[in-house]
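S.K.: Here you go, sequence then predicted model.
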Amino acid sequence: MRDFGGIVERSPVRVVRPGSVREVADAVREADAQGVDVVPRGSGHSTFGQSLTAGVSLDLRGLTGVEAGARQAAAAAGASWRDVLAATLPHGLTPPVLTDYLDVTVGGTISAGGVGGTSHVHGTQADNVLALDVVAGGEPVTCSPAARPDLFDAVRGGLGRHGVITGATLRLVPAPERVLCCTIPCRDAEDVLRVQREVRADDVSAQVKPSEDGWVFEAKAVLYGDGREPPPGTAETEELPYIDFCDRMRPDVEELIALGEWARPHPWGMVFLPASRAAAVIESTLAAMTPDGLGLSGVILIKALRIGHVPMLNALGDPVLFSVLRTASPGHASVPEMLAANRALLDRARAVGGTPYGVGSIPV
Ligand SMILES: Cc1cc2nc3c(=O)[nH]c(=O)nc-3n(C[C@H](O)[C@H](O)[C@H](O)COP(=O)(O)OP(=O)(O)OC[C@H]3O[C@@H](n4cnc5c(N)ncnc54)[C@H](O)[C@@H]3O)c2cc1C
C-alpha cells in the first residue's frame, strides 16, 4: 500500500473499513489485544507513509455524513471538505479554513493541522474544531477545550498516533457569494511576506515559479464580497463564485492526472519558519535549487500564518509555511535527490528555530 507521496510502501496485516464508531472501537480493541499497531487512514494524501502501517490499516472513508446547523457542522471523519462545503453552502455558511485541495478528509487534515489561505486570520483547521469524537484506548470519547482537553490537544495535529477521530464539530462562518482574486507580482521573498502582512485580504497565498530569468514571486490576495478595491500593486484580477474559488485546484488536478504527474512520487518538503527569519531561509533554499529539483509540475508556496493553540504542531508564534512540493518527473531530479534537498531544507529551518509540517516527506 502507498500514499500520495508514492515513496514509502507498507503491507498491512489487515485493512479494516469500519462503517460505524462501534466498528472503529472494535477494530482498535482487537488490534490492541493482538499487540498490533493500528494506523488510521483518510484519503492517504500525506506523502511519507504517515497513513501507512505493517499492522492494521483503518480506512475511515466509510464514516461519512455532514449535518450543518446555524453556526456549526457535525462532520464524520471520513467526509471530505468537498462534502462539508456541499452541506454548509446551502445555508450560506463555510468552514473558516479550507485546504487548497478539497478531496482530503476532515479527520486527516485535523490530524495534520490543516492550513489554508485564510490561516493568517483564522489559524489552522485544527484551531476551528469545537469538539471531536475520538476512539482512544478502544473507547469512544468526546473531547473539547472543556472536556478531556489533554486528548483534544493530543489528537489535533497528532497524525493519528493518540486516538482515532470519528467525527468533528466544526465552526462555521458566513460564506461570501463571490470573491475577487488579485495577483500581485513581488520582487522577492521579503516582498511576498510584506504583501501578506500588509494587505487587508480575506485569503492570502503566494507562489514562486521558475522562469528563464530565475525564480519569479507572485502573491495572491483574495477579497470576499462585492465592491472591494484591489490592493496596491495588483496586476490582474479575476472575479469568481466562492465555490469555484474553493475548488480552484480541480482543473489542475485533472490535467496532472492526464499527464501522469499525479501518480508520480511527491517528495514534499514543508517547514514552518519563524516569520523574522523566513525570507532568508526561502532565498537560500531557492539559491540552492533549480527547476530540475522541483519536477515538471512541482509548486513552491509561501504562506504567512497565525496558529492558535495546536500544541502537536510544534509551530510557535505566527510562522510562515514554506512548501516545496516536488514531483519526481522523468528526466528530473530523482526521489533520493529530492529527499536529500528536503532534509537540507529542514536543517536550514531548524537552524533558525523552524519545524517540519508533519505531512511532508522529510527524512529525519
Ligand atoms: C493536492 C494536495 C493539496 C494539499 N493541500 C493542503 C493544504 O492546502 N493545506 C494543508 O494543510 N495540507 C494540504 N495537503 C496535505 C493534506 O492536508 C494532508 O496530507 C492530509 O493529511 C490529507 O488528509 P487525508 O485524509 O489524505 O489524510 P491521510 O493522509 O490519510 O492521513 C494523514 C495523517 O492523519 C492520520 N489520520 C487520518 N485520518 C485520521 C482520523 N480519522 N483520526 C486520526 N488520525 C487520522 C493518518 O494516520 C496520518 O498520520 C494537501 C495534499 C495534497 C495531496
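M.R.: Thanks, I have the structure now.
S.K.: What segments of this structure are helices?
M.R.: With DSSP state H applied, the chain shows helices at 21-34, 81-88, 106-112, 119-122, 149-155, 189-198, 242-246, 250-259, 275-287, 335-351, listed in chain order.
S.K.: Quick one: closest of those to the ligand.
M.R.: With C-beta to the nearest ligand atom as the measure, helix 106-112 is the member of the helices of the chain nearest the ligand (2.2 Å). The way it works is simple: take the backbone N, C-alpha and C, and place the C-beta from them, glycine included.
S.K.: Average pLDDT for the closest one, rounded please.
M.R.: Helix 106-112 shows a mean pLDDT of 98.
S.K.: for it, packing partners?
M.R.: Helix 106-112 makes packing contacts with strand 38-41, helix 81-88, strand 164-171 when contacts are defined by 3 or more C-beta pairs under 8 Å, 6 or more residues apart in numbering; DSSP states H and E.
S.K.: can you tell if it touches the ligand?
M.R.: Yes - applying C-beta under 6 Å from any ligand atom, one finds that helix 106-112 is in contact with the ligand at 107-109, 111-112.
S.K.: possible to save the helices of the chain as JSON lines with mean neighbour count?
M.R.: Listed next are the helices of the chain as JSON lines, based on neighbours: other C-beta atoms under 10 Å:
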{"stretch": "helix 21-34", "mean neighbour count": "17"}
{"stretch": "helix 81-88", "mean neighbour count": "21"}
{"stretch": "helix 106-112", "mean neighbour count": "29"}
{"stretch": "helix 119-122", "mean neighbour count": "21"}
{"stretch": "helix 149-155", "mean neighbour count": "18"}
{"stretch": "helix 189-198", "mean neighbour count": "19"}
{"stretch": "helix 242-246", "mean neighbour count": "18"}
{"stretch": "helix 250-259", "mean neighbour count": "13"}
{"stretch": "helix 275-287", "mean neighbour count": "18"}
{"stretch": "helix 335-351", "mean neighbour count": "18"}
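S.K.: Reformat those helices into CSV and put distance to residue 169 next to each item.
M.R.: Below are those laid out as CSV (distance: least, C-beta to C-beta, whole Å):
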stretch, distance to residue 169
helix 21-34, 14
helix 81-88, 12
helix 106-112, 11
helix 119-122, 16
helix 149-155, 11
helix 189-198, 30
helix 242-246, 21
helix 250-259, 28
helix 275-287, 31
helix 335-351, 33
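S.K.: So what's the residue count around residue 330?
M.R.: Per other C-beta atoms under 10 Å, the neighbour tally for residue 330 reads 9.
S.K.: tell me the contacts of residue 358?
M.R.: By C-beta atoms under 8 Å, 6 or more residues apart in numbering, the contact list for residue 358 reads 46, 50, 112-113, 157, 159, 313.
S.K.: brain fart, residue 126
M.R.: With C-beta under 8 Å, 6+ apart, residue 126 has these contacts: 110, 113-114, 156-157, 310, 313.
S.K.: Output the set of residues of the protein in proximity to the ligand.
M.R.: Remark: the part of the chain in contact with the ligand comprises 3-4, 39-46, 50-51, 60, 77, 99-101, 104-105, 107-109, 111-116, 159-160, 164-165, 359, using C-beta under 6 Å from any ligand atom.
S.K.: partners of residue 184 in the sheet?
M.R.: The residues paired with residue 184 through beta bridges, assigned by DSSP bridges, are residue 219.
S.K.: per-residue confidence at it?
M.R.: Looking at residue 184 specifically, the model assigns a pLDDT of 98.
S.K.: Same check on residue 56?
M.R.: Among the per-residue scores, residue 56 holds a pLDDT of 98.
S.K.: what sits against it?
M.R.: Residues counted as contacts of residue 56 (C-beta under 8 Å, 6+ apart) are 12-16, 27, 31, 36-39.
S.K.: Closest residue of the stretch 151-300 of the chain to the ligand?
M.R.: Counting by C-beta to the nearest ligand atom, the stretch 151-300 of the chain gets nearest to the ligand through residue 160 (2.8 Å).
S.K.: Nearest residue to that residue in space, please, no chain neighbours.
M.R.: Nearest in space to residue 160, with sequence neighbours left out and distances taken as C-beta to C-beta, 6 or more residues apart in numbering, is residue 40 at 4.2 Å.
S.K.: do residue 116 as well
M.R.: Leaving out its chain neighbours, residue 116 is closest to residue 97 (C-beta to C-beta, 6+ apart), at 4.3 Å.
S.K.: how close does the one you found sit to residue 171?
M.R.: The gap separating residue 97 from residue 171 is 9 Å, by C-beta to C-beta, to the nearest Å.
S.K.: so what's the residue nearest the centre of the chain up against?
M.R.: The residue lying closest to the centre of the chain (C-alpha atoms, centre = their mean) is residue 114, at 4.2 Å. Taking C-beta under 8 Å, 6+ apart as the criterion, residue 114 is in contact with 97, 99, 124-126.
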